[in-house]
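**Q** Next come a sequence and a model predicted from it.
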Amino acid sequence: MEKMNREEFETICKKLNDICEKSEYEYKESKREIVKLFDQLESHRIEKENELQMLIKLHRNLGEIKNRKASYIEDEIGRRILVDLPFSIRMQDEEIPEDEIEVLKENYCQDQRAAIKMSSKLLKYGKEIVWSKEDKSKRYKNRIKEAIRMLNELQQFYKIKGVKEIFKSRIEDKDEDLQFFALYGLEIYYAHESAEELTKEEEKKLEQIIHSTKTRETASTCCQILINSGKIDEFGALMRIDDWKDRNWK
């Protein structure tokens, strides 16, 4: 990881935003510079709140710019930086309490440690993206997908109220990648002892997805949710996957 000061980090964010925003910079001509700046951004270890705030601001701004340059960098930031930040922040945290899973909220107290503050900012931004105005573009789907992945990373370290409903809202999405990551979020959620009980309606929906999906990975993830929630055992999962193979591998 390269080290840069606040001013250098801010300059890179501003340059990326300017190149993407201004029409005089064509995609082909500016791509090399964009990639170079992004590589610098990715190689920097974010350790401070103000740097995270700059990154979120850049990502949010790019989402409002309708061109190929902005779409490319927005996706790269989401896929290669934001998704990895929960783990990176956690690894820098030297004050993790023993034998306790902390509750993460969108709002935090000023006296809380840096890792909690930064994780809270990621949680708030992830929810902002997930509940943003829908459109039918692939770019929108990618944005939601990366937000779902980021929230799933956060829940592996913290208890997060309402995160189950976020994942559940996307398990029937027509975008197979987005559907899978939402289901995977539920799989991890139900691996926690503190998870809510899976309702009959939710169980039925998962069974329907197992029956209708053409993707074995999706069917297997649904089975693992049912296992983690105590609704079936390993043998029950094998029976469902065998039935899935009969329907799809003829």
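**A** Arrived safely.
**Q** The helix or strand of the chain with the lowest mean pLDDT - contacts with which helices or strands?
**A** The weakest-scoring helix or strand in the chain, judged by mean pLDDT, DSSP states H and E, is helix 27-43 (a mean of 93). When contacts are defined as 3 or more C-beta pairs under 8 Å, 6 or more residues apart in numbering; DSSP states H and E, helix 27-43 sits against helix 6-21, helix 68-80. Backbone N, C-alpha and C define where each C-beta goes, glycine included.
**Q** in this protein, which segments are predicted with low confidence?
**A** For the chain, residues meeting the criterion pLDDT under 70 lie at 1-2, 250.
**Q** go with 80
**A** By pLDDT under 80, the low-scoring segments of the chain are 1-3, 250.
**Q** Helices along this protein, start to end?
**A** Taking DSSP state H as the criterion, the chain carries its helices at 6-21, 27-43, 49-64, 68-80, 85-92, 114-130, 138-155, 163-168, 176-189, 200-212, 216-228, 234-248.
**Q** out of these, nearest to Ile101?
**A** helix 138-155 (10.0 Å; C-beta to C-beta).
**Q** Stretch 144-157: which residues count as buried?
**A** For stretch 144-157, burial by neighbour count (16 or more other C-beta atoms under 10 Å) applies to 144-155, 157.
**Q** next one: stretch 200-210
**A** Glu202, Glu203, Lys205, Leu206, Glu207, Ile209, Ile210.
**Q** and of the helices of the chain, who's closest to Lys105?
**A** helix 114-130 (6.3 Å).
**Q** What residues of the closest one count as buried?
**A** 115-123, 125-127, 129-130.
**Q** That one versus helix 85-92: what angle between them?
**A** 180 degrees (axes from the mean of the first three to the mean of the last three C-alpha atoms, to 10 degrees).
**Q** With just CA atoms, put helix 114-130 into PDB.
**A** The C-alpha coordinates for helix 114-130 follow below in PDB (Å, rounded to 0.1, in the frame of the first residue of the first chain):
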ATOM      1  CA  ALA A 114     -12.200   5.300  14.200                       C
ATOM      2  CA  ALA A 115     -13.100   1.800  12.900                       C
ATOM      3  CA  ILE A 116     -16.700   2.100  14.100                       C
ATOM      4  CA  LYS A 117     -17.000   5.600  12.700                       C
ATOM      5  CA  MET A 118     -15.700   4.500   9.300                       C
ATOM      6  CA  SER A 119     -17.800   1.300   9.200                       C
ATOM      7  CA  SER A 120     -20.900   3.300  10.100                       C
ATOM      8  CA  LYS A 121     -20.200   5.600   7.200                       C
ATOM      9  CA  LEU A 122     -20.000   2.600   4.900                       C
ATOM     10  CA  LEU A 123     -23.200   1.200   6.300                       C
ATOM     11  CA  LYS A 124     -25.000   4.500   5.800                       C
ATOM     12  CA  TYR A 125     -23.700   4.900   2.200                       C
ATOM     13  CA  GLY A 126     -24.600   1.200   1.400                       C
ATOM     14  CA  LYS A 127     -28.200   1.800   2.500                       C
ATOM     15  CA  GLU A 128     -28.300   5.000   0.500                       C
ATOM     16  CA  ILE A 129     -27.400   3.200  -2.700                       C
ATOM     17  CA  VAL A 130     -29.700   0.200  -2.100                       C
END
